[in-house]
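*Asks:* The sequence and its predicted three-dimensional model are supplied below.
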Amino acid sequence: MLIIFDMGNVVYRSVDILPAFAGKTGISLEYLKDVLQDDFLGLTTGHITTEEFWERFSRELGVNGHEDYLASLFHPEEDPQMISFLRQLRQAGHRVVCGTNTIDSHYKIHMERGDYDHFHAVYASHCIHLAKPDPEFFRYIISREKELNTYSGKELFIDDRAENVHAAREVGIAAHCYTDHENLSGFFVEQGIHLQA
């Protein structure tokens, strides 16, 4: 079975840099989200670079001479129990991939630390130019897995964001909105996989 895991707030914790970003720049969190919404989406889908993001940031908000907070504030922490669960799934013969909305600087940090080594493959939004909850994000992954001859005909998806779970279900994927290990184990039992998350 193909099992697609979200990365942030599912396998790794402490991934939200925006509150610290707001604190460092002295700009309110709400204003940052509002003004930079399109630029963050551009970063996530790989349609603008980190350099272009900071150029726009400086121009729109008048803040210059800062460090790259996108990278320097990003310190994800793995969930050991979830890492163990991924290992169990792989050992049981399932195809375990990461389907993540991310940006280039965060992707590089995860790569350097070997965080993606827990997966058979990684589908990062800024690399494939598609981001959840766009249904095409999920169709791309399934299509690519078919090309690789690794697709078994059934897939599961786990994410902490309800809108992404709903989008996956709309394209026919059995999906679970992650809250904790106990509920995740229950979902897998419903799917016929009896492993302890």
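*Replies:* Yes, it's here.

*Asks:* Report the residue ranges of every domain in the chain.
*Replies:* 2-13+77-191, 17-73 (the TED database).

*Asks:* okay, the ones you listed in a markdown table with mean neighbour count next?
*Replies:* Any C-beta I mention is one placed from the backbone N, CA and C, and that applies to glycine too. Shown next, in a markdown table, are the domains of the chain (neighbours: other Cβ atoms under 10 Å):
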| stretch | mean neighbour count |
| --- | --- |
| domain 2-13+77-191 | 17 |
| domain 17-73 | 15 |
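
*Asks:* distance of residue 157 from residue 73?
*Replies:* 28 Å (Cβ to Cβ, to the nearest Å).

*Asks:* What ranges in this structure fall below the confidence cut-off?
*Replies:* 64-66 (pLDDT under 70).

*Asks:* just so I have it, where are all the helices in this structure?
*Replies:* 18-25, 29-35, 37-44, 50-61, 69-72, 80-91, 104-113, 125-128, 135-147, 162-170, 181-190 (DSSP state H).

*Asks:* Of all those helices, which one is nearest residue 11?
*Replies:* helix 80-91 (5.0 Å; Cβ to Cβ).

*Asks:* Could you tell me how far the closest one lies from the centre of the chain?
*Replies:* From the chain centre to the centre of helix 80-91 is a distance of 17 Å (Cα atoms, centre = their mean, to the nearest Å).

*Asks:* Can you give the contact residues for that helix?
*Replies:* 3, 5, 10-11, 96, 118-120, 181, 184, 193, 195-197 (Cβ atoms under 8 Å, 6 or more residues apart in numbering).

*Asks:* what is the orientation angle of that helix with helix 181-190?
*Replies:* Using axes from the mean of the first three to the mean of the last three Cα atoms, to 10 degrees, the direction of helix 80-91 lies 20 degrees away from that of helix 181-190.

*Asks:* Now do stretch 76-84: distance to the chain's middle.
*Replies:* How far stretch 76-84 lies from its chain's middle: 14 Å, per Cα atoms, centre = their mean.

*Asks:* what's the span of that stretch from first residue to last?
*Replies:* End-to-end distance of stretch 76-84 (Cα to Cα, to the nearest Å): 17 Å.

*Asks:* so residue 171 touches residue 134, yeah?
*Replies:* No - using Cβ atoms under 8 Å, residue 171 is not in contact with residue 134; the gap is 10.2 Å.
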